[in-house]
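# This is the structure alone, sequence omitted:
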């Protein structure tokens, strides 16, 4: 790794760093991160900051409860977001801008492109984009759910060279270092496989929503886009000195030699499945080559409710996942066609509307 080659990076900071004691925001652990960001910018590297912490920052303003309701968490997020932005602004001598996103924004292709354009415009004008999930308003089905995965989606949208995920441990260990003294830090990962996922556990922080598992998921999203990814200890100020020296203070995930194309990466890792098209177990058409390969004759079942333009999963009856694709039909119309005994009617309907999916909007799934 070499910071001198970075043109644009994304830094993800979690709730435990923002509000470590759940008594409002604290700059104690943020100063070193802010100095790192400022130094990167001074060296000509653009920075995007993905910052969790709105719920943790606003929690102290409400009656203490062990399990706050969803509506109470939303209220905490609304109260804490302003404090969080104000805390960051105090640490910078350059302007910042707030972007609050939901998965509904990212999974819609037009809104995704709009987000990209906004990020680039802010960066080109010298502002620091500070991005968080819009926890105050988002519904469960529109949530990303954790800012680790959000940071990877943002890194892809921003065409970043590197993603730095700040954690409460140095990186990925062979075992949970909080429970096992013989846990060993893994300095570099060249392939994320089942063994790597097996090393990741649940959330270890009582403040945040993510854990090592979500960080591995985020790393997989990022490296498939060609983005160098690091999990580092955000509580250790020396972490950022090492990064500036080109050293690896945590776990480095090396990017794919041949990154996925941008629209395929978005379809695979950002768009969210709204329904399923089930085909026969012996279905063998090459979905990438001919957009007319998948017809209503091939589809044996339609699952879920989706509209034209939504992302659907094409899979076999035995559960084998074949592809994620943009549907050119609504589930309602597909149900109507499949219920018709008259095949001529179905064929005429497809001739007028077009193929069920288009080869320009499909991502073949080798493994998911």
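That came through fine. No experiment lies behind these values; they were computed from the predicted model shown. Residues are numbered from 1 along each chain as shown.
# all helices for this structure, in order.
When secondary structure is read from DSSP state H, the chain shows helices at 15-18, 30-42, 54-58, 70-91, 103-107, 109-124, 147-157, 194-199, 212-223, 238-244, 262-265, 331-339, 343-353.
# Quick one: closest of those to residue 175.
Nearest to residue 175 among these is helix 194-199 (7.2 Å), distances taken as CB to CB. C-beta: built from backbone N, CA, C; applies to glycine.
# returning to what we had before: turn the helices of the chain into CSV, columns for distance to residue 182 and mean pLDDT.
Converted to CSV, the helices of the chain look like this (distance: least, CB to CB, whole Å; pLDDT from 0 to 100):
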stretch, distance to residue 182, mean pLDDT
helix 15-18, 25, 90
helix 30-42, 29, 96
helix 54-58, 32, 89
helix 70-91, 38, 92
helix 103-107, 39, 85
helix 109-124, 43, 94
helix 147-157, 26, 94
helix 194-199, 13, 88
helix 212-223, 17, 93
helix 238-244, 23, 95
helix 262-265, 37, 77
helix 331-339, 52, 79
helix 343-353, 61, 54
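# So for residue 173, which of those helices sits nearest?
In this view, the helices of the chain are compared for proximity to residue 173 by CB to CB, and helix 194-199 is the closest at 7.0 Å.
# List the buried residues in that closest one.
Buried residues in helix 194-199, counting neighbours by 16 or more other CB atoms under 10 Å, are found at 196, 199.
# again, but for stretch 18-38
By neighbour count, and taking 16+ other CB under 10 Å as the criterion, the buried residues in stretch 18-38 are 18-20, 22, 24-25, 29-30, 32-38.
# Now distance to residue 361 too, for the helices of the chain, in JSON lines please.
Output for the helices of the chain, formatted as JSON lines (distance: least, CB to CB, whole Å):
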{"stretch": "helix 15-18", "distance to residue 361": "36"}
{"stretch": "helix 30-42", "distance to residue 361": "36"}
{"stretch": "helix 54-58", "distance to residue 361": "34"}
{"stretch": "helix 70-91", "distance to residue 361": "34"}
{"stretch": "helix 103-107", "distance to residue 361": "13"}
{"stretch": "helix 109-124", "distance to residue 361": "9"}
{"stretch": "helix 147-157", "distance to residue 361": "17"}
{"stretch": "helix 194-199", "distance to residue 361": "29"}
{"stretch": "helix 212-223", "distance to residue 361": "19"}
{"stretch": "helix 238-244", "distance to residue 361": "38"}
{"stretch": "helix 262-265", "distance to residue 361": "8"}
{"stretch": "helix 331-339", "distance to residue 361": "16"}
{"stretch": "helix 343-353", "distance to residue 361": "15"}
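# hmm, back to that, out of the buried residues of stretch 18-38, flag the one nearest to residue 307.
For these, the minimum distance to residue 307 (CB to CB) is 37.3 Å, reached by residue 18.
# contacting residues around that closest one?
With contact set as CB atoms under 8 Å, 6 or more residues apart in numbering, residue 18 has these partners: 25-26, 30, 51-53, 56-57, 84, 87.
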